[in-house]
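**Q** I would like the atomic coordinates for the input below:
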Amino acid sequence: FAIADLHLSLGEDKPMDVFAGWNDYTSRLENNWRKLVTDNDTVVVSGDISWAMKLEETLTDFTFIENLPGKKIFNKGNHDYWWTTANKMNAYLKAEGFTLTLTGYDMEMGITTTIECNVLVPGETVLDAKLLGSMVSRMPAGDICIELTDEGQAKISGGVAEFEIPALNASDYPSLPVTGADNTMTVKCGMLREMIEKTIYAVSQDDKKPAHTGELFVIEPGSLTIVALDGYRLAIVERPVEAIKEIRIIVPSKTMNEVSHLLANDDEETVHISANRRYVVFTTAGYTIMSRLIEGEFLNYHNVIPNGSRTSVVLDTKEFIETIERASLIITERLKNPLRISFTEGKVVVRCQTNLGRVVDEFNAQCEGDEVEIGFNNRYLLDALRNARTEQVKLEISGPLSPVKVLPTEGSDFLYLVLPVRFKND
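**A** Numbering: from 1, shown residues only. This next block holds a predicted model:
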């Protein structure tokens with residue numbers, strides 16, 4: 001189970017951070033890390049990681065430090081960048097005493113856990129994490145035995161099944177950084193999981209604004225606020241907590257997904273959060289999740305939230321979702337016409353027309369204030385409604401082109417904003 005969880009933290013087959021300066025170039029990875037081809041440069045990596053590289057233009061802002069067997073190190077600013085075959089898609093295993101420690105690390109996020117085991121001979125190795133996890137999950141019930149051979153292979157056996165896979169040199173695996181993160185707060189797993197799930201959908205997928213590809217944690221003495229936005233919608237969830245340290249950090253969405261996955265199933269269990277300006281560490285359920293933070297300025301989200309409203313609508317969440325889902329049947333990736341939604345006294349009318357056809361639907365709702373018609377991206381509106389997880393929601397509308405607030409009918413459990421779509425004839 002631990003191995004299956006760990007492989008989720010390891011990166012996809014793509015260039016490491018050492019190539020971060022090549023974002024303006026198109027690249028493709030071929031032959032299992034053998035060659036990286038870009039518009040202006042070619043990096044050829046042989047089996048022992050010897051390098052042929054032109055550093056004339058693309059890497060002028062990097063300083064070459066060291067070339068070691070199995071790894072290459074560069075420096076840019078205050079950051080060291082390591083590239084090695086031992087860490088991408090692999091897990092580090094160390095057996096000693098009566099424990100097996102497993103570590104997954106992709107140079108941005110690391111996950112460590114320790115499980116009890118019977119160690120016959122202490123040792124350490126690096127194995128393909130995904131393959132190992134798949135093997136273990138399909139073994140017959142009972143004990144799993146891992147044995148290293150003198151030929152550099154690892155034998156994994158369970159019951160009558162036995163696998164043999166390559167084992168890499170553990171000394172080539174990069175050590176997790178000493179984060180120096182300060183104890184910041186302790187919250188219940190159920191609370192943090194809910195906050196992540198209610199906001200993660202709004203994280204930006206656009207790397208042009210790196211700060212918005214993560215979630216903003218605003219930690220204050222009496223509260224924790226998590227914010228996510230992508231330029232089209234905004235999600236804010238705030239909960240009362242007791243915090244030791246006041247800090248604002250931006251945590252990568254990948255890290256937040258892993259934390260949500262690894263939190264204890266018991267909502268009353270706790271997760272300890274430590275943070276500084278460079279790292280955040282989550283400790284829960286036997287796992288330690290360490291992550292680098294995203295640098296940059298997060299949008300001042302308070303400035304985009306409309307004050308007051310001219311129209312207020314209270315409606316049944318499930319009924320609204322089902323109405324939008326029916327209208328979405330004629331919307332495709334190619335035919336992305338907006339929904340036309342009219343809020344009038346006593347009802348909500350949803351219209352849409354594409355080359356596939358035309359739909360008109362309506363349902364009853366409590367509408368107060370000015371009547372208004374607004375265009376919406378169907379997916380953005382559905383995301384907000386589905387993540388509200390309440391029987392009813394309240395929409396506060398300031399006009400046909402102003403962001404629409406999606407709120408609970410009682411309390412302040414969440415605040416969502418959805419940006420309207422301008423009609424072509426407006």
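**Q** those helices in the stretch 51-200 of the chain, which residues are they?
**A** Along the stretch 51-200 of the chain, counting by DSSP state H, counting those that start in this stretch, helices occupy 129-137, 189-199.
**Q** who touches the residue nearest to Gln153 when sequence neighbours are not counted in this structure?
**A** Once flanking residues are discounted, Gln153 sits nearest to Glu164: 5.1 Å by Cβ to Cβ, 6 or more residues apart in numbering. Every C-beta, even on glycine, is put in place using the N, C-alpha and C of the backbone. Going by Cβ atoms under 8 Å, 6 or more residues apart in numbering, Glu164 touches 149, 153-156.
**Q** May I see those arranged in JSON lines, with neighbour count and pLDDT as well?
**A** Formatted as JSON lines, the contacts of Glu164 follow (neighbours: other Cβ atoms under 10 Å; pLDDT from 0 to 100):
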{"residue": "Thr149", "neighbour count": "10", "pLDDT": "94"}
{"residue": "Gln153", "neighbour count": "13", "pLDDT": "96"}
{"residue": "Ala154", "neighbour count": "20", "pLDDT": "96"}
{"residue": "Lys155", "neighbour count": "14", "pLDDT": "96"}
{"residue": "Ile156", "neighbour count": "19", "pLDDT": "94"}
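**Q** Name the nearest of those residues relative to Leu132.
**A** Ile156 (6.9 Å; Cβ to Cβ).
**Q** Now do the contacts for that closest one.
**A** 132, 135-136, 144-146, 162-165.
**Q** Equivalent analysis for Met191, please.
**A** With contact taken as Cβ under 8 Å, 6+ apart, Met191 is in contact with 239, 241, 267.
**Q** let's go with 10 Å and repeat that
**A** Applying Cβ atoms under 10 Å, 6 or more residues apart in numbering to Met191 gives the contacts 224, 237, 239-241, 263, 267-268, 270-271.
**Q** now the contacts of Glu164 as JSON lines including distance to Pro177?
**A** Converted to JSON lines, the contacts of Glu164 look like this (distance: Cβ to Cβ, whole Å):
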{"residue": "Thr149", "distance to Pro177": "32"}
{"residue": "Gln153", "distance to Pro177": "31"}
{"residue": "Ala154", "distance to Pro177": "27"}
{"residue": "Lys155", "distance to Pro177": "32"}
{"residue": "Ile156", "distance to Pro177": "30"}
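**Q** Of those, which belong to strands?
**A** Judged by DSSP state E, the subset of the contacts of Glu164 located in strands is 153-156.
**Q** got these as JSON lines, with distance to Leu395 columns?
**A** As requested, the ones in strands among the contacts of Glu164 are exported to JSON lines (distance: Cβ to Cβ, whole Å):
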{"residue": "Gln153", "distance to Leu395": "62"}
{"residue": "Ala154", "distance to Leu395": "57"}
{"residue": "Lys155", "distance to Leu395": "61"}
{"residue": "Ile156", "distance to Leu395": "55"}
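**Q** Pull the most distant pair out of the residues you listed.
**A** Largest separation among those by Cβ to Cβ: Gln153 and Ile156, giving 10.0 Å.
**Q** what do those two both touch?
**A** By Cβ under 10 Å, 6+ apart, the residues touching both Gln153 and Ile156 are 147, 163-165.
**Q** Which one of those sits in the busiest neighbourhood?
**A** Of the shared contacts of Gln153 and Ile156, Phe163 is surrounded by the most neighbours, 18 neighbours in total, counting by other Cβ atoms under 10 Å.
**Q** Could you pull up phi and psi at Arg310?
**A** Main-chain dihedrals, Arg310, degrees, to the nearest 10: phi -100, psi -20.
**Q** same deal with the one 10 residues further on?
**A** Reported as degrees, to the nearest 10, the phi and psi values for Phe320 are phi -70, psi -40.
**Q** excluding its backbone neighbours, what's nearest it?
**A** Leu385 (5.9 Å).
**Q** Going by neighbour count, list what's buried in the helix or strand that neighbour falls within.
**A** In the assignment (DSSP states H and E), Leu385 maps to helix 378-388. Judged by neighbour count using 16 or more other Cβ atoms under 10 Å, the buried positions of helix 378-388 are 378, 380-385, 387-388.
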